[in-house]
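Q: predicted model and sequence follow; I will ask about them next.
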Amino acid sequence: MNTSPRQITLDEWDVHYEALRAAGLREPPYGGPLRRHVERDSDLRLARLRFDNSPAALRLWNFLLTEEDRLQAARRDGTKIVGTMKDLGTVPVMAYSLPNVVAFYPDGAWWIPCVMELSDGLLGIANTLGVDESFCPVRAMLGAFLTEAHFPIPDLLICSAGATCDDFSAIAQRLNGLGYPILWWEIPSRRRPEAEEEAVDLPGGFTASRQQVDFVRAELERVRGALETLAGMPLTADRLAAGIRAANAVRRRFDELRRLVFSAERCPLPALELLIAEMLAIHFCSDREETIAVLDDLIAEVKRRIAAGQGVERAPASRESTCSLKQEPPTKVFWVNPVADLRVMNLLEDCGGRLCGTEFLFCHALDELPEDAPPMEALARAALADPMVGPATQRAERICRDAGRFGAEALILSRIPGASHCATEGEIIRGLVQERLGVPAVEIEVPPVSDSVAATLRSRIEALIETARERRCRCD
Amino acid sequence: MVCAGIDAGSRAIKVALMDSKGGKMLGSGVADQGVEQEALARRLFEDVLARAGIARNRVSRIVATGYGRNNVGFADTTITEITCHAVGVRHLVPDAMTIIEIGGQDSKLIRLNSRGAVQDFAMNDRCAAGTGCFLEMVARRLGISLSDLGQLAARSTKAAAISSMCAVFAETEIVGLLASGTAPEDIVAGVMTAVASRVAAMAGRTILPPVVFTGGVALIPRMAEALASVLKHPVSLSPEPQLTGAVGAAILASRK
């Protein structure tokens, strides 16, 4: 069954799903209609989203929304579960190098208040623990640990400390204080090497001093030791090298998917699905092999759409160019930081935009790990390439480079309420983007349920796109 | 033919009629906003047409803007108030480079390029302390009308320091100031400075003159002076400050 790409509601998916089934849709064991996540898990927000209508997108959503089932199955069959926090992409590569270990990010609970439209009460539990709304929504993780309703309690908890945001450290320390012991490892603030220091190239175009790389490698050796103890087997260099190659197989697919999506003449995948897909990079949604299958499906669908000249962009229903062009291609937007409310990603296409680049705080998890270096060295370099552990100016420089690569016409910086890492960096990124690329940029703040500010968020994005289109006319 | 702009703001609806070349204003009107936004906008639109002696079928195109723009169902299209204020102000003040717009519910700072197009913008729509509703609260608390705030502030010899960054806490602070005998005119002057400071915070370090002040709050005397004092730049009032969004919308309607 071949349908034109479109963004559809949950109600429309109900009908579409039956049609796909009747046409012979083949699904993995975790497949099924999206509706069941609302009815079974109270994922109420799904009823307010618009989804890509491809079977590949259906598989992506089902994969994402069944992670708890996989973790529970892992617990039942004796697989060791590692909860890793904050590093976003490095420790899972180590964990998945062991045959009897899976890893996930309890911090991912920050989306539960959105997905369940606050019905789960996780933020309320965090409040009672003294971690109120002045903290990042990651505080929902505390409630998830106490209720044990969203993931099994991990056998080992690992968290990076040091150059991480203050509020996250406070939340993780509170968790530790509640009786969930954490193995802390330190990530230093990345700095450019001094003149007399040996410089080491990192993924993403960054550099660090040899001393910093060695320090992180030593810290990761402690993590390695803890994983070996947990797994009851050595995490050998061969195992790590194989794990790195497997992670790179995933990362190469992301590179291909992003390149296809960002460079296609018509946008072949909505912003929401790309955000969800990129999230698989950091810990493979608890199944590395299935992540590859999900990505292969998405890539195939995107290629099919590109070949057919099809796109998902919506016609700008009520937005017209102020320079009298009747119909214009969507404005290419680079998006910085993930949104606490998934619904906001739908706004991009609503307002006449499309993605041409992203930096969702974990671009280092999309960069290939060096395979020509010893595994622990490669992991240390990757960990230091985290955009959040370096100066905001370095992050801004990478954003400028990436935004320029696919011709961004505008930039959206999404701020997360309470998150200390992005309290001041917005101005730095905006300033550099405007100076280097000359494109308009806007900052938005997105709470977990953004309905009360939906109109103002829409106004900002619309105004950004109007400004970019006016600039496009001048450039023409 | 005639083009129309409708600015459906949070406190007031504004309508402007322009000739289809976008050069001459043929009629305008302002009415209070309410729950039935579309009906109110339609009523005002028809009233302005009647007063201007223009038949409805002579209106070739309508653009709606403002916070309630999507509720104006009879408009042909919508454009944000950022773009509309930029076009409206630039039409009325051709050399404007920076626009400050303060309305009932939000405030905006818009930077223009040399061609008059929007270069960059910042909005405050999350905090009442930089908006007209802060001034409304003060007027209510002092028992005077909004339009009298300026005259009162003009009598101030020493503006009171309003240290609260939140309009809700500031109200408590104002009650305390009144209780301690601070003159109402000094309180009003202090509140105007507080609003201006909030707006200035959006501007950052770069202000490109000429700076033009528009929006409903620009109708309040002394507010432009408060802004100029905080920004350390001359601030001129836009002609027809309450109408610039509607004027811009009408001009954009004529550009189709």
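A: Received, thanks. Numbers count the residues shown, from 1 in each chain, chains lettered A, B, ... in the order given.
Q: counting by contacts, list what the helix or strand harbouring residue A:64 packs against.
A: Secondary structure from DSSP states H and E places residue A:64 in helix A:55-65. Counting contacts by 3 or more CB pairs under 8 Å, 6 or more residues apart in numbering or on different chains; DSSP states H and E, helix A:55-65 packs against helix A:10-22, helix A:35-41, strand A:51-52, helix A:271-283, helix A:288-308. Where C-beta positions appear, they are placed from N, C-alpha and C, glycine not excepted.
Q: same for the fourth one, what does it pack against?
A: It stands for helix A:271-283. Contacts defined by 3+ CB pairs under 8 Å, 6+ apart place helix A:271-283 against strand A:51-52, helix A:55-65, helix A:237-263, helix A:288-308, helix A:343-350, strand A:353-359.
Q: that one - what's its average pLDDT?
A: Computed over helix A:271-283, the mean pLDDT rounds to 97.
Q: that helix vs helix A:288-308, what angle?
A: Interaxial angle, helix A:271-283 versus helix A:288-308 (axes from the mean of the first three to the mean of the last three CA atoms, to 10 degrees): 150 degrees.
Q: can you give me the angle helix A:271-283 makes with helix A:55-65?
A: Using the same axes, to 10 degrees: helix A:271-283 against helix A:55-65 is 50 degrees.
Q: report the distance from helix A:271-283 to the chain centre.
A: 5 Å (CA atoms, centre = their mean, to the nearest Å).
Q: now the last one
A: For helix A:288-308, the distance between its averaged C-alpha position and the chain's averaged C-alpha position is 18 Å (CA atoms, centre = their mean).
Q: please apply the same query to the first one.
A: Using CA atoms, centre = their mean, we find the averaged C-alpha position of helix A:10-22 to lie 27 Å away from the chain's own average C-alpha position.
Q: quick one: average pLDDT of the helix or strand that residue A:157 is a member of?
A: Using DSSP H and E, residue A:157 falls within strand A:156-162. In this model, strand A:156-162 carries a mean pLDDT of 96.
Q: about what we covered before: residue B:106 is nearest to which of the helices and strands packed on helix A:55-65?
A: Of all these, it is helix A:271-283 that lies closest to residue B:106, at 25.7 Å by CB to CB.
Q: picking that back up, pairing partners for the strand holding residue A:157, with directions?
A: The strands beside strand A:156-162 in its sheet (DSSP bridges) come out as strand A:80-85 (parallel), strand A:183-187 (parallel).
Q: contacts for the first one?
A: So the one you mean is strand A:80-85. Applying CB atoms under 8 Å, 6 or more residues apart in numbering or on different chains, the contact partners of strand A:80-85 are A:71, A:74-75, A:91-92, A:95, A:98, A:100-107, A:141, A:151-152, A:154-160, A:168, A:172, A:182, A:227, A:230-231, A:283.
Q: identify the spatial nearest neighbour of residue B:34, chain neighbours not counted.
A: Nearest non-adjacent residue to residue B:34, counting by CB to CB, 6 or more residues apart in numbering or on different chains: residue B:40, 5.3 Å away.
Q: burial count for the one you found?
A: Residues lying near residue B:40 (other CB atoms under 10 Å in any protein chain shown) number 20.
Q: contacting residues for it?
A: B:13, B:31-34.
Q: what average pLDDT does the one helix or strand it maps to get?
A: Using DSSP H and E, residue B:40 maps to helix B:37-52. Helix B:37-52 carries an average pLDDT of 96.
Q: low-confidence ranges in chain A?
A: A:1-2, A:314-327, A:422, A:474-476 (pLDDT under 70).
Q: near chain A, which residues of chain B are found?
A: Taking CB under 8 Å from any CB of the partner chain as the test, the list of chain B residues beside chain A reads B:67, B:70, B:77-83, B:87, B:106, B:115, B:117-121, B:123, B:125-126, B:204, B:252, B:255-256.
Q: so the chain: which segments form each domain?
A: In the absence of a named chain, chain A is used. Using automatic domain parsing, the domain parsing of chain A gives A:65-235, A:241-475.
Q: oops, I was thinking of chain B
A: Domain ranges of chain B: B:1-93+B:243-256, B:95-238, per automatic domain parsing.
Q: returning to what we had before: flag every buried residue along the helix holding residue B:40.
A: By 16 or more other CB atoms under 10 Å in any protein chain shown, the buried positions in helix B:37-52 come out as B:37-38, B:40-42, B:44-45, B:48-49.
Q: any idea how far that helix is from the chain center?
A: Using CA atoms, centre = their mean, the offset of helix B:37-52 from its chain centre is 20 Å.
Q: likewise for stretch A:208-220?
A: Remark: stretch A:208-220 is offset 26 Å from the chain centroid, using CA atoms, centre = their mean.
Q: averaging pLDDT over each of the domains of chain B, report the lowest-scoring one.
A: domain B:95-238 (a mean of 87).
Q: which one in chain B is furthest away from the centre?
A: The centre of chain B is farthest from one residue, residue B:180, which by CA atoms, centre = their mean lies 33.3 Å away.
Q: nearest residue to the middle of the chain?
A: Going with chain A. Note: chain A centre (CA atoms, centre = their mean) maps to residue A:279, 3.5 Å.
Q: actually, chain B is the one I wanted.
A: residue B:215 (1.4 Å).
Q: pretty sure that one contacts residue B:242?
A: Yes. Proximity of residue B:215 to residue B:242 meets the contact threshold set by CB atoms under 8 Å, at 7.2 Å.
Q: any idea how far residue A:451 is from residue A:225?
A: Distance, residue A:225 to residue A:451, using CB to CB, to the nearest Å: 47 Å.
Q: can you check residue B:127 too?
A: As for residue B:127, its distance to residue A:451 is 19 Å (criterion: CB to CB).
Q: what about whatever residue of chain A ends up closest to chain B, which SS state?
A: Going by CB to the nearest CB, chain B is nearest to residue A:463 of chain A, at 3.8 Å. Using DSSP: H, G, I helix; E, B strand; the rest coil, the structure places residue A:463 in helix.
Q: list the contacts for it?
A: Residue A:463 makes contacts with A:442, B:80-83, B:118, B:121, B:123, as judged by CB under 8 Å, 6+ apart.
Q: among those residues, which pair sits farthest apart?
A: Greatest spatial distance in the contacts of residue A:463: A:442 and B:81, 14.3 Å, computed using CB to CB.
Q: which one's more surrounded, these two?
A: residue B:81 (31 against 24).
Q: I figured the more buried one was touching residue B:8, is that so?
A: No. With contact defined as CB under 8 Å, residue B:81 does not reach residue B:8; the gap is 9.5 Å.
Q: what touches both of these two?
A: Counting by CB under 8 Å, 6+ apart, the contacts common to residue B:81 and residue B:8 are B:65-67, B:69.
Q: can you name the two of those that are farthest apart?
A: For these, the maximum inter-member distance is 9.0 Å, found between B:65 and B:67 (CB to CB).
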